[in-house]
Structure formats: C-alpha cells, structure tokens
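>>> When you get a sec, could you give me coordinates for this:
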Amino acid sequence: MNGKIVSCGIVLLDPEGRVLLAHATGTNHWDIPKGQGEPGETQVQSARREMVEETGIDVMASRLVDLGRYAYRRDKDLHLFAARASADELDLSRCVCVSLFPRREDGVMIPEMDAWRWTAPRDVEHYASRSLTRLFDTTLSLAELHRTL
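Residues are numbered from 1 along each chain as shown. From the prediction side, this is the model:
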C-alpha cells in the first residue's frame, strides 16, 4: 500500500455519453460522486453509498463496470466504476444530497452537493477540478467509455 487515500466513485453516463457531475457546495467545482470508504466496506459498496448520499441515485452493483484504480493527486487515488444511467435516473431534478458538513462561516450543516448536471466530455474542463479534467483527458476517456459501456 502506498499510503494514499483511496476515494471510490461512479462515472455515470447518460445515453448521449454525458457524465453526471455534482456541484460541491460553497465551491466553484463540480465532481463525480465519490468519497472515502468506511471500515469494512468494499470499493463497490463505498462507491454505491457515496452515489446514494450525494445524488439519491442507487446504482445496483450488477450494473457497475469496475474501471480500476487511477492516480489522481499526490495524496489520493480513485477507484472508479462506470454505469449507463437508466431511464429513471436521467431526471436530475430528483437528485438529493443527504451527506452534510458544517459550513465554515457559521457551522450550520449544509449538503455536500447542491446541484447536478449532465456534462458533455468536451465541457468537463469548464466545471471540474484540474485533477478530474486531467484524468478524463489523459487516462480515462469518456468518449471511449461511452463506446464500450
């Protein structure tokens, strides 16, 4: 083990190959639903739990394709899974985030994610962090994933 944090997440694509991004509350960054595992969880369990907590979408494990582990930042790797959104998962107005954190200014508990969008691969760089944009540009092609998923 290299001592890096491993964050598990799901790359959810719609029928047109757009990726689901969630807006991190209080920042200008959008991200895929992901997070660290809890004790005793497998990577797939962590990824599914994070997706439910951050979007309300429960992607059954049988639908997930294990993409493996990717170098992400100096201190963090990502273990990613992919799935094609089903028809009942396309309406992002139904998304809800139940994962809360204390707002810096006043300690009020607020949702970790506060908006969701389907994002074309060419537009990811306008929303996502440099680390996520670089991953999709260099190592994990969303266009290729769209063709093979």
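
>>> how near is residue 143 to residue 100?
35 Å (Cβ to Cβ, to the nearest Å). All C-beta atoms are positioned from the backbone trio N, CA, C, and that covers glycine.

>>> What of residue 89?
Taken as Cβ to Cβ, the span from residue 89 to residue 100 is 23 Å.

>>> now residue 72
24 Å.

>>> What ranges does the chain have for its strands?
Assigned by DSSP state E, the strands in the chain fall at 5-13, 19-24, 30-31, 34-36, 65-73, 76-84, 100-102, 109-111, 113-119.

>>> tell me which residues of the fourth one are tucked away?
Neighbour-count burial for strand 34-36, counted by 16 or more other Cβ atoms under 10 Å, picks out 34, 35.

>>> Just list whatever residues bridge to residue 100.
residue 111 (DSSP bridges).

>>> That one: what's it in contact with?
109, 110, 111, 112 (Cβ atoms under 8 Å, 6 or more residues apart in numbering).

>>> residues in contact with the second one?
With contact set as Cβ under 8 Å, 6+ apart, residue 110 has these partners: 25, 26, 100, 101, 102, 103.

>>> and if you look at the third one?
Listed by Cβ under 8 Å, 6+ apart, the contact set of residue 111 reads 25, 97, 98, 99, 100.
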